[in-house]
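Visitor: quick one: sequence and predicted model below, then my questions.
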Amino acid sequence: MITLRDAHLDAFQQVSLKQFEDRMVDHLRNDFADRTKDRLEPDLRSLVRDSVAKAKTYGVVAEDDVQRFIDCRMIYGPEFDTAKETHWAGQILRTPSLNGTEKMDYVEKFGRERVKKSEPEKGR
């Protein structure tokens with residue numbers, strides 16, 4: 001029988017975080033190529049690590065939800081959770097009755113609605 005000590009668990013967590021970081025850097029390079037083309041890899045890794053920590057403060061911890069949080073930082077700006085222009089996102093993220101997935105679902109939904117409202121109507 002194998003006994004896992006805290007040091008072992010920490011090592012596994014670091015490996016998992018590194019793999020997530022690798023996937024997110026690739027994701028940013030592919031899905032946000034125009035916004036990341038001039039950014040160095042260490043800068044993107046720092047953005048991912050910072051986003052993971054920031055998302056965690058809002059209870060956003062599932063990998064898919066953290067990816068959506070990172071996407072929002074790319075779309076709305078790195079301080080989208082505290083900026084006046086995106087106050088609605090911060091309100092959602094600070095809602096204690098929602099879990100992380102629900103928070104990101106609402107942020108995406110309200111973000112899409114705001115984009116639709118700001119688009120000029122076709123045919124005019």
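Guide: Here it is on my side, so go on.

Visitor: what are the phi and psi values for D38?
Guide: phi -100, psi 10 (degrees, to the nearest 10).

Visitor: where does the protein have low pLDDT?
Guide: Residues of the chain meeting the criterion pLDDT under 70: 1-12, 118-124.

Visitor: show me the helices in this structure, by range?
Guide: For the chain, helices defined by DSSP state H occupy the ranges 6-31, 33-36, 41-57, 63-76, 87-93, 100-118.

Visitor: could I get the ones you listed in CSV, plus columns for mean neighbour count?
Guide: Where you see a C-beta, it was placed from the backbone N, CA and C, and this is true even at glycine. Listed next are these as CSV, based on neighbours: other C-beta atoms under 10 Å:
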stretch, mean neighbour count
helix 6-31, 13
helix 33-36, 12
helix 41-57, 16
helix 63-76, 19
helix 87-93, 18
helix 100-118, 15
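
Visitor: so who does the residue lying closest to Y106 once chain neighbours are set aside touch?
Guide: In this structure, Y106 finds its nearest non-sequential neighbour in I92, 4.7 Å apart by C-beta to C-beta, 6 or more residues apart in numbering. Contact analysis of I92 by C-beta atoms under 8 Å, 6 or more residues apart in numbering lists L98, K103, Y106, V107, F110.

Visitor: ok, now which ones touch the second one?
Guide: When you say that, I think you mean K103. Y58, G59, V60, D65, I92, L93, T95.
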